[in-house]
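> Fold the following.
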Amino acid sequence: MNFLNDFFRSLRLNVSAPQIPEPRSLFAGSKLHLPILIILCSVLFFWNIHVIPLTDGDSAFYAKIARNIADSGNWLTMHYGDASTIIDKPPLVMWLTAVSFKLFGVNEFAVNFWHSLCALVIILVTYKLAKEIFDSKTAFLSSLVLATSAQFFYQARSPLQDIPLTLFVLLSIYAYILFEKRSNIGYFYLSSVFVSLAVLTKGPVGLVLPAIILLSYLVICKRKLPGIPHIISAGLLFLLITLPWFIIEYKILGQRFVDIFIGHNLGRYFSPIDTVGNEASKYSGIKPQYDLYSYFLQLLIVAVPWSGFVYPAIYYNIKKKVYPLPVIFALAVLIFFSLSLNYKISRYILPAFPALSIVIGKLISDAYDDTDAAGSYKWSSWFTLMIILPVLLLATLLLYGNYSKIGPYYLPLFIPFLIFMCLSLFAGSILGILKRIELSVILYSGISILSYLVLVNCLAAYYPKINPISDFCRRINAAALPSDIVCQYKGTDAHFMIYYAKNSVLFTRKDSDIKRLVLSKKKVYCVSEDKEAFESLRSSMKGRVKVMDECANYTLFSN
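This is a model prediction of the structure:
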């Protein structure tokens, strides 16, 4: 078990001296790297997580499952609504959230705690991996790039499976690299353990991603796996950790569990399960993208302020024949999800972000004393100034147009953030073009951090006014009896209300259903997510509808 001690020593916070001589810079002081990252990421990922209501419907969906686990004590079979519902995701994330509920109570902090912690650990493991294969300055710059990338920041504060999946995939690759560099077979088995945890986090993709990353790396770099006995033993260890829950669920739920779990997880990749065209699409501001190239275009937005560096950095690393693992890692994930026939949700490619950040970090680090790297940095800054900044401004206008009906409610939330982010792109680019690399990096990252902190504080102040369902549910919970009817009328789904309301929640988009409920003898508390539909309903009901509260596009009413 010495390899475990060695592994945890490799994750220690005290960092040894750089492996190669480094130029003097603000980023070369390795003793301060990890303390700075821990403080910075603790603020970015934990600040105000206890006061901001859930901002993603899927987060509310999984939080409700975790709440049902904590309430029922059934830690094996997960339920969202009634007992007949079968969840198509493994239990690890819901188990962790349920533990948080037991420790901290049912609140926003409990939902976000493990998630924010996983995001912090990803930053630290990214540092360790980059330092293992390059040097401490590259490691710090890589972690700084990752922590300040928009998509990673957003997902770090959206409690779903993507951050934990990214952590376990990253840990599996890191453990394998330690095995390869230190010739200790224990790390090979540890990599298998992390792959098991990735599968228990999000299903088959937790096995597929590490497999295609490592197989691509082995083939391209002409490396060899350990002997057959070790491969078989690691496979058995993987099955020993992964299979018990699946076997137990099959025993409990039967063939229907296999059909739903396999059908949804594999079917989602091979066919467009998540389609549009029904009534729910009118509430979606952004239409799904199915195109093969979609993710490669999305990176121009979701990786800001470093979007302009992604492709120049990949090209630079390949041209200079830099240690290829980070490029292989990033491209394997991007290509795998690009080949999916389902629509392209930006958070799916999150496992590529640590590797992309190392690729960018290597370019920035080399730019201090390498002419080619300095030229690539300058070209990246030009690309950011001439392409990324205008694209961000255009995307903002298009997004506002899609949400025109509720745009005024979003302006106080997003405009300050966008102003600072655009300032980051402009200032960092100008200094990058002038080859003031260190100051450019400081402005790219520093002003971006400021923009995120502004966004977090604006979310705390304005988000409850944009999406008041949590406040509405508090009023309902205080007034409703167990026998009363609680429902949601219109909207994409009722995940927020189902999580926040104590009573069972009915969800309908049909006018006939809501009219029948209002005219029933039971007391009804209902939230409408469509102002026009509600006004039409109130007009047709002739005084039978009582408005309790209104905010943004939402109305709380009763009969």
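
> quick one: low-confidence parts of the stretch 151-300 of the chain?
Counting by pLDDT under 70, the stretch 151-300 of the chain has low-confidence residues at 272-289.

> Which elements pack onto the one helix or strand residue 249 maps to?
Take DSSP states H and E as the rule and residue 249 turns out to sit in helix 228-253. In terms of contact count using 3 or more Cβ pairs under 8 Å, 6 or more residues apart in numbering; DSSP states H and E, helix 228-253 is assigned the packing partners helix 185-202, helix 255-270. (Each C-beta comes from the backbone N, C-alpha and C, glycine too.)

> contact partners of the longest one?
What that stands for is helix 185-202. Contacts of helix 185-202 with the rest of the structure, by Cβ atoms under 8 Å, 6 or more residues apart in numbering, involve 1-4, 6-7, 89-93, 161-162, 164-165, 168-169, 171-173, 175-176, 178-179, 205-207, 209-210, 226, 230, 233-235, 237-238, 241-242, 245.

> quick one, phi psi at residue 489?
Phi and psi for residue 489, reported as degrees, to the nearest 10, are phi -120, psi 120.

> surely it meets residue 533?
Yes. Assessed by Cβ atoms under 8 Å, residue 489 is found in contact with residue 533 at 7.2 Å.

> Show me which of these two is the more surrounded one.
Neighbour comparison, residue 489 and residue 533: the larger count goes to residue 489, with 25 against 17 (by other Cβ atoms under 10 Å).

> List the beta-bridge partners for that one.
Counting by DSSP bridges, residue 489 forms beta bridges with residue 508, residue 528.

> Please identify the helix or strand for the residue nearest the centre of the chain.
Here the mean C-alpha position of the chain is nearest to the C-alpha of residue 155 (Cα atoms, centre = their mean), at a distance of 2.9 Å. Taking DSSP H and E as the definition, one finds residue 155 inside helix 150-156.

> hmm, who's touching that helix?
44-45, 115-116, 119, 146-147, 162-163, 301-305, 346-347, 350, 353, 421, 448, 452.

> If any of these are buried, give me the ChimeraX selection for them.
Buried residues within the contacts of helix 150-156, as defined by 16 or more other Cβ atoms under 10 Å, are selected in ChimeraX through the command that follows:
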select :44,45,115,116,119,146,147,162,163,302,303,304,305,346,347,350,353,421,448,452
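
> Narrow the contacts of helix 150-156 to those in helices?
Secondary structure from DSSP state H places 44-45, 115-116, 119, 146-147, 162-163, 301-302, 353, 421, 448, 452 of the contacts of helix 150-156 in helices.

> Which of those residues scores worst on pLDDT?
Of all those, the one the model is least sure of by pLDDT is residue 301, with 89.

> if I pick that residue, what's in contact with it?
The contact partners of residue 301, taken as Cβ under 8 Å, 6+ apart, are 150, 307, 391-392, 395.

> Taking those together, which two end up most distant?
The most widely separated members of the contacts of residue 301 are 150 and 391, with 12.9 Å between them, by Cβ to Cβ.

> who has more neighbours, those two?
The residue with the greater number of neighbours, taking residue 150 and residue 391 and applying other Cβ under 10 Å, is residue 150; the counts read 22 against 17.

> so how far is residue 421 from that one?
Spatial separation of residue 150 from residue 421 under the definition Cβ to Cβ, to the nearest Å is 8 Å.

> Common neighbours of those two, please.
Counting by Cβ under 8 Å, 6+ apart, the contacts common to residue 150 and residue 421 are 304-305, 448.

> Could you chop the protein up by domain?
If you go by automatic domain parsing, the domain ranges for the chain are 2-14+30-366, 374-466, 469-558.

> Run through the strands of the chain in chain order.
With DSSP state E, the ranges of strands along the chain come out as 485-489, 505-508, 524-528, 546-551, 554-558.

> Quick one, which of those strands gets closest to residue 264.
Nearest to residue 264, of all the strands of the chain, is strand 505-508, at 20.3 Å by Cβ to Cβ.

> what helices or strands is the closest one leaning on?
When contacts are defined as 3+ Cβ pairs under 8 Å, 6+ apart, strand 505-508 packs onto strand 485-489, helix 495-500.

> Compute the inter-axis angle for the first one and strand 524-528.
In other words, strand 485-489. Computed with axes from the mean of the first three to the mean of the last three Cα atoms, to 10 degrees, the direction of strand 485-489 lies at 20 degrees from that of strand 524-528.

> any idea how far the closest residue to residue 263 other than its chain neighbours lies from residue 262?
Closest residue to residue 263 apart from its sequence neighbours, by Cβ to Cβ, 6 or more residues apart in numbering: residue 88 at 7.9 Å. Plainly put, residue 88 is 9 Å away from residue 262 if you go by Cβ to Cβ.

> give the contact list for residue 356.
The contact partners of residue 356, taken as Cβ under 8 Å, 6+ apart, are 299, 303, 310, 313, 326, 330.

> Turn the residues you listed into a markdown table, columns for distance to residue 357.
Supplementary listing: the contacts of residue 356 in a markdown table, determined by distance: Cβ to Cβ, whole Å:
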| residue | distance to residue 357 |
| --- | --- |
| 299 | 12 |
| 303 | 9 |
| 310 | 10 |
| 313 | 10 |
| 326 | 8 |
| 330 | 9 |
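
> Determine the number of other residues adjacent to the closest residue to residue 451 other than its chain neighbours.
With Cβ to Cβ, 6+ apart as the criterion, residue 451 has its nearest non-adjacent residue at 3.5 Å, and that residue is residue 420. By the other Cβ under 10 Å criterion, the neighbourhood of residue 420 contains 19 residues.

> From residue 452, how far out is residue 420?
For residue 420, the distance to residue 452 equals 9 Å [Cβ to Cβ].

> Report the set of residues contacting both of those two.
Once Cβ under 8 Å, 6+ apart is applied, it turns out that residue 420 and residue 452 contact no residue in common.

> Low-confidence stretches in the protein?
Applying pLDDT under 70 to the chain flags residues 1-26, 29, 82-84, 272-289, 399-409.

> returning to what we had before: report the distance from the helix holding residue 155 to the chain centre.
Taking Cα atoms, centre = their mean, to the nearest Å, one finds helix 150-156 lying 6 Å from the centre of the chain it belongs to.

> Equivalent analysis for stretch 214-223, please.
Taking the mean of its C-alpha atoms, stretch 214-223 sits 28 Å from the chain's own mean (Cα atoms, centre = their mean).
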